[in-house]
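Asks: Generate a structure from the sequence data that follows.
(chains A and B)
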Number of protein chains: 2
Amino acid sequence: MELYLIRHGLAAEREDYANDEERPLTSLGRKKTGKVAKQLRERGLHFDLILTSPLVRARETATILQEAGLGSQVEEFPSLAPDGDISVWVSWVQKRWQNASSDQCLALVGHQPDLGNWAETLVWGDAQEKLVLKKAGVIGLNIPETKTPVGQSELFLLTSPKWLL
Amino acid sequence: MELYLIRHGLAAEREDYANDEERPLTSLGRKKTGKVAKQLRERGLHFDLILTSPLVRARETATILQEAGLGSQVEEFPSLAPDGDISVWVSWVQKRWQNASSDQCLALVGHQPDLGNWAETLVWGDAQEKLVLKKAGVIGLNIPETKTPVGQSELFLLTSPKWLL
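Replies: Numbers count the residues shown, from 1 in each chain, chains lettered A, B, ... in the order given. Got it, this is the predicted structure:
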């Protein structure tokens, strides 16, 4: 199974919002994220499901992916919020996806450093914060179908918008 | 310092060459590698030095990078041949580059699984063969200037030609 971890686009400044969870994408953030989504779609990518952090900037990013034709199904996944626990997602994926066909493709939309940490945990078993994931950047992993993905996955893509656009 | 690890392009079949070291790129390999080089150049990349494995398919790849305007200086580096020892390169880089300015940019052209193993060693301290690097694919690392790069580097790019073209 392929798993894509996508960081939300450029969002409004922290000082302009009392509640960090409500910061929306800026118009530049929306535009650049839209361009990234278009490039991913043009390369043939399609997600069977897009899971997103419940924060506004992540939900808006997921909607942009959806509107670009990358996937019709979007669901909020609370553990994708900052400091979320990967083990909740690992349990979920083992129940829901590991009996699915191997060509399934799943996207997670969330935050840094969490997405980088999740990727390192899935590939190497622990997180050292060594992956640089820019806003609207993308990580791609091959996830095994028949065992726990923790420490058993492969990394095939890590890119900022710069290399895609 | 930025370090790019670039795998040679598609090469002729093993059975057609008694000596594996002499396998050249195919015409498709040359074409695709040229397109990758052009994309890297258009994104503003420039190498102060390109080190290459002495094998024909790697040297041809380095020449394509050079011809695309990515760097004028190409040198053979024997440890970039298959099964080469990263510690030779680490000693070299510490002597030659670590007092250079931080915006220096170096490319290594070589083979799999070696390049993926070198990248994992530089970032996480050991190699688990968890990076998927396709032919003419690219890895990008941030290398610290003031200490050993082993286990101290960051990964900011891993891509196959698919995502660049």
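Asks: Now do the lowest-mean-pLDDT helix or strand in chain A: which elements does it pack against?
Replies: Lowest on mean pLDDT, DSSP states H and E among the helices and strands of chain A sits helix A:86-96, with a mean of 93. Helices and strands touching helix A:86-96, by 3 or more C-beta pairs under 8 Å, 6 or more residues apart in numbering or on different chains; DSSP states H and E, are helix A:114-124. From N, CA and C alone the C-beta is placed, and that goes for glycine too.
Asks: touching chain B at all, the helix it packs on?
Replies: Yes. For helix A:114-124, a contact with chain B is found by C-beta under 8 Å from any C-beta of the partner chain, at A:Val123, A:Trp124.
Asks: What helices and strands are in contact with that helix?
Replies: strand A:2-7, helix A:86-96, strand A:138-142, strand A:154-159.
Asks: same thing but at 6 Å, please
Replies: strand A:2-7 (3 or more C-beta pairs under 6 Å, 6 or more residues apart in numbering or on different chains; DSSP states H and E).
Asks: How far off centre is the strand it packs on?
Replies: With C-alpha atoms, centre = their mean, to the nearest Å as the basis, strand A:2-7 stands 4 Å off its chain's centre.
Asks: Any buried residues in the least confident helix or strand of chain A, and which?
Replies: The neighbour-count check on helix A:86-96 (16 or more other C-beta atoms under 10 Å in any protein chain shown) flags A:Ile86, A:Trp89, A:Val90, A:Val93 as buried.
Asks: now swap in stretch A:48-55 and tell me
Replies: Buried positions in stretch A:48-55, judged by neighbour count with 16+ other C-beta under 10 Å: A:Asp48, A:Leu49, A:Ile50, A:Leu51, A:Thr52, A:Ser53, A:Leu55.
Asks: still on that earlier bit, quick one: the least confident helix or strand of chain A to helix A:114-124, angle?
Replies: Interaxial angle of helix A:86-96 relative to helix A:114-124 (axes from the mean of the first three to the mean of the last three C-alpha atoms, to 10 degrees): 60 degrees.
Asks: Could you report the neighbour count for A:Lys9?
Replies: Careful, residue A:9 is Gly and not Lys. Using other C-beta atoms under 10 Å in any protein chain shown, A:Gly9 has 29 other residues around it.
Asks: ok, now the one 10 residues further on?
Replies: Around A:Asn19 sit 8 other residues, with neighbours defined as other C-beta under 10 Å.
Asks: so how far is B:Pro54 from it?
Replies: Distance of A:Asn19 to B:Pro54, computed by C-beta to C-beta, to the nearest Å: 59 Å.
Asks: where are the low-confidence patches of chain A?
Replies: A:98-99 (pLDDT under 70).
Asks: For it, which residues are neighbours of chain B?
Replies: Contact residues, chain A versus chain B (C-beta under 6 Å from any C-beta of the partner chain): A:Val123, A:Lys130, A:Leu131, A:Val132, A:Glu154, A:Leu155, A:Phe156, A:Leu158, A:Thr159.
Asks: Of those, which pair is most distant in space?
Replies: A:Val132 and A:Glu154 (18.8 Å; C-beta to C-beta).
Asks: those helices in chain A, which residues are they?
Replies: Taking DSSP state H as the test, the helices found in chain A are A:27-42, A:56-67, A:86-96, A:114-124, A:161-164.
Asks: Using CSV, lay out the ones you listed together with distance to B:Gln104.
Replies: Shown next, in CSV, are those (distance: least, C-beta to C-beta, whole Å):
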stretch, distance to B:Gln104
helix A:27-42, 28
helix A:56-67, 35
helix A:86-96, 36
helix A:114-124, 25
helix A:161-164, 19
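Asks: Tell me which two in the buried residues of stretch A:48-55 are the farthest apart.
Replies: Counting by C-beta to C-beta, the most remote pair of the buried residues of stretch A:48-55 is A:Asp48 and A:Leu55, 22.9 Å apart.
Asks: picking up where we left off before, how much does the least confident helix or strand of chain A deviate in direction from strand A:2-7?
Replies: Here the directions of helix A:86-96 and strand A:2-7 differ by 150 degrees (the same axes, to 10 degrees).
Asks: which residues are contacting stretch A:140-147?
Replies: Residues outside stretch A:140-147 that contact it (C-beta atoms under 6 Å, 6 or more residues apart in numbering or on different chains): A:1, A:3-4, A:98, A:102, A:122, A:149, A:152-157.
Asks: Now it: buried residues?
Replies: Neighbour counts using 16+ other C-beta under 10 Å place A:Gly140, A:Leu141, A:Asn142, A:Ile143 of stretch A:140-147 among the buried residues.
Asks: what two of those residues are the furthest from one another?
Replies: Farthest pair in the buried residues of stretch A:140-147 (C-beta to C-beta) is A:Gly140 and A:Ile143. Separation: 10.4 Å.
Asks: re the thing from before, which among the contacts of stretch A:140-147 count as buried?
Replies: Applying 16+ other C-beta under 10 Å to the contacts of stretch A:140-147 flags A:Met1, A:Leu3, A:Tyr4, A:Gln98, A:Leu122, A:Pro149, A:Ser153, A:Glu154, A:Leu155, A:Phe156, A:Leu157 as buried.
Asks: So which of those residues is the closest to chain B?
Replies: Among these, A:Phe156 lies closest to chain B (C-beta to the nearest C-beta), at 3.9 Å.
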